[in-house]
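Participant: got a sequence here, can you build the structure:
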Amino acid sequence: MDIFIVGNIVKDVYLSIDSRTENLETDRHNTKWLNLSFDASAHRYFHRISSLGGAAVTSEVLTKMELANTVTSSPNDSRTYRYILTSDDNVCYLTPTKYTSATFVEPESPPKYLYIDRSANLDGKNSDKIKRYLDANPNLTLILYLKDFNNRHLNNLIENAKIIFLENSNSTPKEYQTLLVNTEKIIYINEHSLKYQNSTEVVRRERIDKMTHLSAYSIASATILGGIILGKPVEECLRLARVNLENSTLDTCLTIHELQTIANVPPENLELIAATLIKSTNNPISASSITAKFSANLSPALNKKLLQAYSDGFRIAEYDFNLTGDIDKQSHALADCAKRTQSAGLVPTIVFDTVPTEPNLKALLRELSSYGVNLYATVFKINQDYSLASSASAGALPFSDGTSAASTGAASAAAFSSASRAAASTAGS
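Facilitator: Sure, this is the predicted structure:
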């Protein structure tokens, strides 16, 4: 056994509130509100999903990375329940006032690593038992996850830890600063970034697929831990964790092979593919053999389909943009899909049914930028049903299959018109 995990198995219950029947209100901050008055009124949900979180997520990630692990045994009645209410891409949580403390039961034989999981919430009794076990097994490596410094029983283990995952990097009490200096590795984790010394991986997770931040922390820390145990540099471990976060769904995470395949695709490779698609009529090429078509839908299944497409040899994912539809809604969906597409190692191609106006293009570019999409690895096209003459008048370049092209990156907007160039330059404003 390589890793012994001290933590709680958490039972998550997801209820999808039906926004079609419930009276949801939107405030000026674009936050959804549902009146849950206790007046015996009924509210409706249309989907219910249950899954295991906490230490169960940590164990699954390590297992997928082919690392033997065991979760410390705890009584069944100590299992913590969380209820997650979702509506479209909004989420809120119902959590217990106090989480159950994990029970430390000594393993039959000493493991190489003892990991105190985010879900552990140790009390004094179990913290002391772990201390004694560490004293009796000096060759054992302790890894500690700290949400903050509010649990003094967890804090008592800081001096024994070789690796610490820390969520809040801005408020370390003075009494622990010296102990942290002696720690071999301190890795900072939050919902949107992973950091070790000068290395940072920025993560973009949307909760539409119900991968809540509660599970995201566990996926990130377990992936980084697994990578370190496999002997990879911490910087590479952060990249593996980002890939796992951006491609995992409620019911599964990536295998070590999938992680390495995607993480080893340098951003410049996607940029090169995108740049190759930008061609003149004197040197036409066809990309149809490596292009897969997708609908811009935010289903968790999209991640799996993108990974399968990459495995099947596709390198371009094509999405349609109907300029007569809801521009803001489509821009939001396409930006999410484009980010997932690049995370899966594919170049997103957005196909317009006609030349976009400056406001339309500005809305799309703003969303793409907010999602952290690499614009230099993104391609825009005009649908082949739109005449080449009209496309050329807008500055677009024709593809060999009759479609028209935009370009990549900051130049992508320039392929349409001077007005579009202005839109690109102000997309972040």
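
Participant: chain center to stretch 127-138, what's the gap?
Facilitator: Centroid separation for stretch 127-138 versus its chain: 35 Å, with Cα atoms, centre = their mean, to the nearest Å.

Participant: would you map the helices across the stretch 251-400 of the chain?
Facilitator: In the stretch 251-400 of the chain, the segments counted as helices under DSSP state H, counting those that start in this stretch are 256-263, 267-277, 301-311, 327-343, 358-370, 388-393.

Participant: for those, give me CSV that also has mean neighbour count.
Facilitator: Using the backbone N, CA and C atoms, a C-beta is placed for each residue, glycine as well. Formatted as CSV, the helices of the stretch 251-400 of the chain follow (neighbours: other Cβ atoms under 10 Å):
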stretch, mean neighbour count
helix 256-263, 19
helix 267-277, 17
helix 301-311, 18
helix 327-343, 22
helix 358-370, 21
helix 388-393, 15
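
Participant: nearest to residue 245, out of the ones you listed?
Facilitator: Of all these, helix 327-343 sits nearest to residue 245, with 9.0 Å by Cβ to Cβ.

Participant: list the contacts of that closest one.
Facilitator: Defining contact as Cβ atoms under 8 Å, 6 or more residues apart in numbering, one finds that helix 327-343 is touched by 204, 206, 208, 243, 246-247, 262, 270, 294, 296-298, 302-303, 306, 317, 319, 321-322, 347-348, 350, 359-360, 363-364, 366-368, 370-374, 377-378.

Participant: do that again at 7 Å, thanks
Facilitator: Identification of contacts with helix 327-343 by Cβ atoms under 7 Å, 6 or more residues apart in numbering yields 204, 206, 243, 246-247, 262, 270, 296, 298, 302-303, 306, 317, 319, 321-322, 348, 350, 360, 363-364, 367-368, 370-374, 377-378.

Participant: wait, residue 33 touches residue 23, no?
Facilitator: No - taking contacts as Cβ atoms under 7 Å, residue 33 lies outside contact range of residue 23: 9.4 Å.

Participant: so which of the two has more stuff around it?
Facilitator: The residue with more neighbours, out of residue 33 and residue 23, is residue 33; 12 against 9, by other Cβ atoms under 10 Å.

Participant: what segments of the stretch 51-200 of the chain are helices?
Facilitator: 55-64, 124-136, 152-155, 174-181.

Participant: among these, show me which one is buried the most.
Facilitator: Counting by mean count of other Cβ atoms under 10 Å, helix 55-64 has the highest mean neighbour count of the helices of the stretch 51-200 of the chain, with a mean of 24.

Participant: output the contacting helices and strands for that one.
Facilitator: Packing partners of helix 55-64 (3 or more Cβ pairs under 7 Å, 6 or more residues apart in numbering; DSSP states H and E): strand 3-6, strand 69-71, helix 213-229.

Participant: show me the contacts for residue 6.
Facilitator: Shown in contact with residue 6 (Cβ under 7 Å, 6+ apart): 72, 102, 104, 114, 115, 116, 117, 120, 130.
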